[in-house]
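*Asks:* The amino acid sequence is not available; the structure is as follows:
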């Protein structure tokens with residue numbers, strides 16, 4: 001009789017616990033906006049133009065921005081490829 005009750009308890013206990021893998025389908029998109037304090041300017045100093053011409057022959061300046069530290073962020077096109085160059089007011093290229 002003990003074996004019958006024990007078997008019934010194990011059987012009912014096994015039926016009541018149904019383990020199931022839960023599929024997590026929520027997708028989380030995280031975006032980071034880096035705000036720099038660059039303001040767009042119309043013209044850059046002649047030293048910067050000369051420095052860029054020497055460093056990148058055939059460079060075309062697309063847009064220029066300046067921040068409070070007088071560092072320039074310049075969008076350029078060289079041989080059909082667009083890139084961004086950072087310089088100081090003297091025309092020295094800054095690695096960022």
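*Replies:* Okay, I see it. Here the structure is a predicted model, which means the values were calculated and not measured.

*Asks:* Please, which helix or strand holds residue 73?
*Replies:* Taking DSSP states H and E as the criterion, the element that holds residue 73 is strand 72-78.

*Asks:* what sits up against the helix or strand just after that strand?
*Replies:* Following strand 72-78 in sequence order, the next helix or strand is strand 81-87 (DSSP H and E). Residues outside strand 81-87 that contact it (Cβ atoms under 8 Å, 6 or more residues apart in numbering): 48, 51-52, 56, 62, 71-77, 93-96. C-betas here are computed from N, CA, C, even on glycine.

*Asks:* Just the buried residues of strand 81-87, please?
*Replies:* 85-87 (16 or more other Cβ atoms under 10 Å).

*Asks:* related to what we said a few turns ago, just want the angle from the strand holding residue 73 to strand 81-87.
*Replies:* For strand 72-78 against strand 81-87, the angle by axes from the mean of the first three to the mean of the last three Cα atoms, to 10 degrees is 150 degrees.

*Asks:* Each with direction, which strands does strand 72-78 pair with?
*Replies:* Here strand 72-78 has these sheet partners by DSSP bridges: strand 60-66 (antiparallel), strand 81-87 (antiparallel).

*Asks:* pLDDT of the first one, averaged?
*Replies:* Averaging pLDDT along strand 60-66 yields 94.

*Asks:* Repeat that for the last one.
*Replies:* Averaged across strand 81-87, pLDDT comes to 93.

*Asks:* Excluding its own residues, what touches the strand holding residue 73? List them.
*Replies:* 36, 38, 41, 44, 48, 52, 56, 58-67, 82-89.

*Asks:* Now the buried members of the residues you listed.
*Replies:* In these, burial by neighbour count holds for 44, 48, 52, 56, 59, 61, 64-66, 85-88, counting by 16+ other Cβ under 10 Å.
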